[in-house]
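Asks: Using only what follows, build the 3D model:
(one chain, ligands or ions: 1)
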Amino acid sequence: MVEPLRIGVVGPYGRMGAALCELAENATDLRLVARIVEPGQGGGVLLADLKGLEFEVLVDFSHREAVAGHAAFVARHRIAWVLGTTGLTADDEAAVAQAARATAVFQASNFSIGVALLTDLAARAARVLGEDADVEIVEVHHSKKRDAPSGTALTLARAVAEARGQDLDAVRRDGRSGLPGERPRGEIGIHAVRLADIVGEHEVMFAWPSERICLKHDARDRKVFAHGGLRAARWLVGKAPGRYGMAQLLA
Ligand code: NAD
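Replies: Residues are numbered from 1 along each chain as shown. Down below sits the predicted model:
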């Protein structure tokens, strides 16, 4: 019999962490061996108290403040790392890149398969339409979300910019107010809406004279992301050090 994959979950009492723990506990091919909590929080273990032998993969949807410490831990112990936390700074991203030299790291701003497909479709539309089409991205999330715009909105914007040969930072506009003036050709607008308990909606709109295409994805349950996170965990263990994402998982 194949031994179940031993996993550790960060933030077991967070929205995503709770969904991950519930699915992992009910999966016969996984064994949830560590619920990793913050200092001062009960009901689990501190990463600092672990020896690195307990589990093969760390599934981490927590907070950006924890990223650098988790990166050092997985690199030191050569543990695979599934990272779903968003809102990372450039320093956090550098720590992730550093960890990926020592171990396999799977990072995605959105673990839903539908969103991976949406990203693909948006890039294709952007390639065909070029800068003749105005593009606006609208994301809607629950009122407790801390970062904005969502990591997924940025991934979508980046996919559109790359497909049109643009540098996203040079063409993005986050919201509008006051007197922003006429919309420049090639601009990519990004808008964040916060509403009650919405799990996550992303819409990419392409418009040019007299025509409009709207590509929209709606995630109704955060289990979508937890399923994707655990699928990534199963896929990642045993892979060579490096960075992996949804494109490789779905290839
Ligand atoms: P949440 O606030 O409900 O939970 C966050 C959890 O992280 C809590 O359990 C908290 O105790 C823990 N935490 C915070 N700081 C910590 C630290 N320093 N060390 C250890 N644990 C710490 O948030 P959530 O809605 O579960 O989202 C968590 C993260 O996952 C966010 O960054 C969110 O944007 C991201 N997210 C990503 C995806 C995706 O598909 N990539 C999907 C949903 C959410």
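
Asks: and the chain, which of its residues are near the ligand?
Replies: Neighbours of the ligand within the chain, by Cβ under 6 Å from any ligand atom: 10-11, 13-17, 38, 41, 61-63, 65-66, 84-87, 108-111, 222, 225. All C-beta atoms are positioned from the backbone trio N, CA, C, and that covers glycine.

Asks: Buried ones from the residues you listed, can you make that a PyMOL selection?
Replies: Per 16 or more other Cβ atoms under 10 Å, the buried members of these correspond to this PyMOL selection:
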select buried, resi 10+11+14+15+16+17+38+61+62+63+66+84+85+86+87+108+109+110+111+222+225
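
Asks: quick one: which of the residues of the chain next to the ligand sit in helices?
Replies: Among the residues of the chain next to the ligand, the residues falling in helices (DSSP state H) are Arg15, Met16, Gly17, Phe225.

Asks: show me what contacts the third one?
Replies: Each residue near Gly17 by Cβ atoms under 8 Å, 6 or more residues apart in numbering is listed here: Val9, Val10, Gly11, Arg35, Phe61, Ser62.

Asks: Could you pull up the residues touching the fifth one?
Replies: Taking Cβ under 8 Å, 6+ apart, we find Phe61 in contact with Val10, Gly11, Gly14, Met16, Gly17, Leu20, Gly84, Thr85, Phe225, Gly229.

Asks: Can you add pLDDT and give the residues you listed back as CSV?
Replies: Shown next, in CSV, are the contacts of Phe61 (pLDDT from 0 to 100):
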residue, pLDDT
Val10, 97
Gly11, 95
Gly14, 96
Met16, 96
Gly17, 97
Leu20, 98
Gly84, 97
Thr85, 96
Phe225, 94
Gly229, 97
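
Asks: where do the strands sit along the stretch 101-250 of the chain?
Replies: For the stretch 101-250 of the chain, the strands defined by DSSP state E, counting those that start in this stretch cover 104-107, 134-141, 172-174, 188-194, 200-208, 211-219, 242-244.

Asks: would you turn the ones you listed into a markdown table with mean neighbour count?
Replies: Listed next are the strands of the stretch 101-250 of the chain as a markdown table, based on neighbours: other Cβ atoms under 10 Å:
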| stretch | mean neighbour count |
| --- | --- |
| strand 104-107 | 24 |
| strand 134-141 | 22 |
| strand 172-174 | 16 |
| strand 188-194 | 17 |
| strand 200-208 | 20 |
| strand 211-219 | 14 |
| strand 242-244 | 16 |
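
Asks: Run through the bridge partners of Arg173.
Replies: Counting by DSSP bridges, Arg173 forms beta bridges with Gly189.

Asks: Please report how far His227 lies from the ligand.
Replies: 10 Å (Cβ to the nearest ligand atom, to the nearest Å).

Asks: residues touching that residue, list them.
Replies: Neighbouring residues of His227 by Cβ under 8 Å, 6+ apart: Leu23, Phe111.

Asks: let's see 10 Å
Replies: His227 sits next to Ala19, Leu20, Leu23, Ala27, Phe111, Ser112, Ile113, Asp221 when contact means Cβ atoms under 10 Å, 6 or more residues apart in numbering.

Asks: neighbour-wise, which of these leads?
Replies: Most neighbours among these, by other Cβ atoms under 10 Å: Leu20, with 31 neighbours.

Asks: ok, it touching Val224?
Replies: No. Using Cβ atoms under 10 Å as the test, Leu20 is too far from Val224 to be in contact (12.0 Å).

Asks: Look up how far the ligand lies from Phe55.
Replies: From Phe55 to the ligand the distance is 15 Å (Cβ to the nearest ligand atom).

Asks: isn't that residue right next to Val10, touching?
Replies: No. Phe55 is beyond contact range of Val10, at 11.2 Å (criterion: Cβ under 10 Å).
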